[in-house]
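Enquirer: coords below, sequence missing:
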């Protein structure tokens, strides 16, 4: 009938249009000039301590690796918190190349940028989605970030335009998820995690905030929830990197513009963020030392130095062995990160700390080579892993 013919033609036209749109693809990610690592701090719900974590983590990264340059971008256009938490009130300047200079908090040496620096602190931002995306583009590509070792991006709650603008336009090293153990917060955290997985962004882990309180008299920890975060972490196959107790000291320090890692550097709360910074450096599946721009090579297994004995999940190792044994899926196994360090007398040393399951699978299969990202590193980088046991490399 003529109706059937019309319907078939309409379906053909729709399919043709769909293919045209798909052919255009997503925007190609382009690195920020001079920025080695970009870490996204995200949460589904608001009020779970995401900005507090981003601020303290940025400073903790600087404290644990003083030679590194750290930047902090407040990507929450509608509710910027960084100006308050970093105690920065001045407006940024524009340099000779017409780029905005990040504002530096000279106590912490963190280079910061926020929409809050560009508007009056009492004025609301009433923008539609396209204007928000344009603002994010400017905060990313019209700011003189170069040079930076780490850029920590504090994102707004949810999974909207801001996240897509960042993820689709930048090479993200990993996403750090922030949540409280409350079911309402965890359910949205699950959605955020699945968004990152769908867009092929590695998840560094989960930071669990406000899960307990510390008794002021006996210093014992009093749990407030029943382990729901562990259930979600197991479901998502990610680690809980740190559990930070509810603390008025953390709140007060951020409200006064001097985060806890600076105002009380020897406190238990500050240690939690310092440990998080170190843990991120040593995290197996996503090493923050990994350079997204590093070249991938077939590295001889025999030259790799792995000073820390691996603790592996046998099921994961077997799954990787099966993948590596199949020529059609072998290339799907991600490369490991290899720190390439020059000794004092010119020797080459290749250290590997992450990718324990991948390394073990290659070792058991007797493979002579493993795909790896060669990341040019220093003795100082090695000390962040080995501490006082760092050898004198010649």
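Expert: Thanks, I have it. Owing to the predicted nature of the structure, the values given are computational and were not obtained by experimental measurement.

Enquirer: Give me the sheet partners of the longest strand anywhere in the chain and which way each runs.
Expert: Longest strand of the chain, by residue count under DSSP state E: strand 203-214. Strand 203-214 sits in its sheet next to strand 174-179 (parallel), strand 221-223 (antiparallel), strand 240-246 (parallel), going by DSSP bridges.

Enquirer: Out of the ones you listed, which gets nearest to residue 195?
Expert: strand 174-179 (9.1 Å; C-beta to C-beta). The C-beta positions use only the backbone N, C-alpha and C, and glycine is treated the same way.

Enquirer: Highest mean neighbour count out of the strands paired with strand 203-214?
Expert: Compared across these, strand 174-179 shows the largest average neighbour count, a mean of 27 (mean count of other C-beta atoms under 10 Å).

Enquirer: before we move on, the earlier item: which parts of the longest strand of the chain are buried?
Expert: 203-212, 214 (16 or more other C-beta atoms under 10 Å).

Enquirer: and if you look at stretch 359-379?
Expert: Neighbour-count burial for stretch 359-379, counted by 16+ other C-beta under 10 Å, picks out 359-362, 370-375, 377, 379.

Enquirer: need the strands paired with strand 203-214 in CSV with distance to residue 42 and mean pLDDT, can you?
Expert: What follows is the strands paired with strand 203-214, written out as CSV (distance: least, C-beta to C-beta, whole Å; pLDDT from 0 to 100):
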stretch, distance to residue 42, mean pLDDT
strand 174-179, 6, 93
strand 221-223, 25, 80
strand 240-246, 14, 87
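
Enquirer: Residue 43: which of those is closest?
Expert: Proximity to residue 43 (C-beta to C-beta) singles out strand 174-179 among the strands paired with strand 203-214, at 4.3 Å.

Enquirer: which residues sit against the helix or strand just after the closest one?
Expert: Sequence order places helix 183-198 as the next helix or strand after strand 174-179, per DSSP states H and E. Where contact means C-beta atoms under 8 Å, 6 or more residues apart in numbering, the residues beyond helix 183-198 that reach it are 42-45, 48, 157-159, 163, 167, 175, 177-180, 202-203, 206, 228-229, 232, 235-236, 238.

Enquirer: how much does helix 183-198 deviate in direction from strand 203-214?
Expert: Interaxial angle, helix 183-198 versus strand 203-214 (axes from the mean of the first three to the mean of the last three C-alpha atoms, to 10 degrees): 160 degrees.

Enquirer: Buried residues, helix 183-198. List them.
Expert: So, applying 16+ other C-beta under 10 Å, buried residues of helix 183-198: 185-186, 188-190, 192-193, 195-196.

Enquirer: Closest one to residue 319 out of the residues you listed, please.
Expert: For the buried residues of helix 183-198, the nearest to residue 319 is residue 193 (20.1 Å; C-beta to C-beta).

Enquirer: Model confidence score at that closest one, please.
Expert: If you check residue 193, the pLDDT there is 90.

Enquirer: One more: residue 293?
Expert: 52.

Enquirer: What of residue 88?
Expert: With respect to pLDDT, residue 88 has a value of 91.

Enquirer: A strand includes it, no?
Expert: No: looking at residue 88 with DSSP: H, G, I helix; E, B strand; the rest coil, it is coil, so not inside a strand.

Enquirer: Could you report the neighbour count for it?
Expert: As a burial measure, residue 88 scores 22 neighbours (other C-beta atoms under 10 Å).

Enquirer: Domain ranges for the protein, per the record?
Expert: Listed domain ranges for the chain are 35-282, 296-389 (source: automatic domain parsing).

Enquirer: could those be laid out in JSON lines, adding distance to residue 13?
Expert: JSON lines is the format used below for the domains of the chain (distance: least, C-beta to C-beta, whole Å):
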{"stretch": "domain 35-282", "distance to residue 13": "28"}
{"stretch": "domain 296-389", "distance to residue 13": "35"}
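
Enquirer: With respect to burial, which of those domains scores highest?
Expert: Each of those was scored by mean neighbour count; the highest is domain 35-282, a mean of 19, by mean count of other C-beta under 10 Å.

Enquirer: where along the chain do the helices fall?
Expert: 2-24, 50-64, 82-85, 129-141, 161-169, 183-198, 228-236, 248-255, 260-263, 268-282, 314-325, 356-365, 379-386 (DSSP state H).

Enquirer: Residue 115: which of these is closest?
Expert: Evaluated over the helices of the chain, closeness to residue 115 peaks at helix 129-141, with 6.3 Å, by C-beta to C-beta.

Enquirer: ok now the closest one, how far from the chain's centre?
Expert: Its chain's average C-alpha position is 20 Å from that of helix 129-141, according to C-alpha atoms, centre = their mean, to the nearest Å.

Enquirer: Now tabulate the strands paired with strand 203-214 in JSON lines and tack on distance to residue 296.
Expert: Putting these into JSON lines (distance: least, C-beta to C-beta, whole Å) gives the following:
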{"stretch": "strand 174-179", "distance to residue 296": "18"}
{"stretch": "strand 221-223", "distance to residue 296": "44"}
{"stretch": "strand 240-246", "distance to residue 296": "26"}
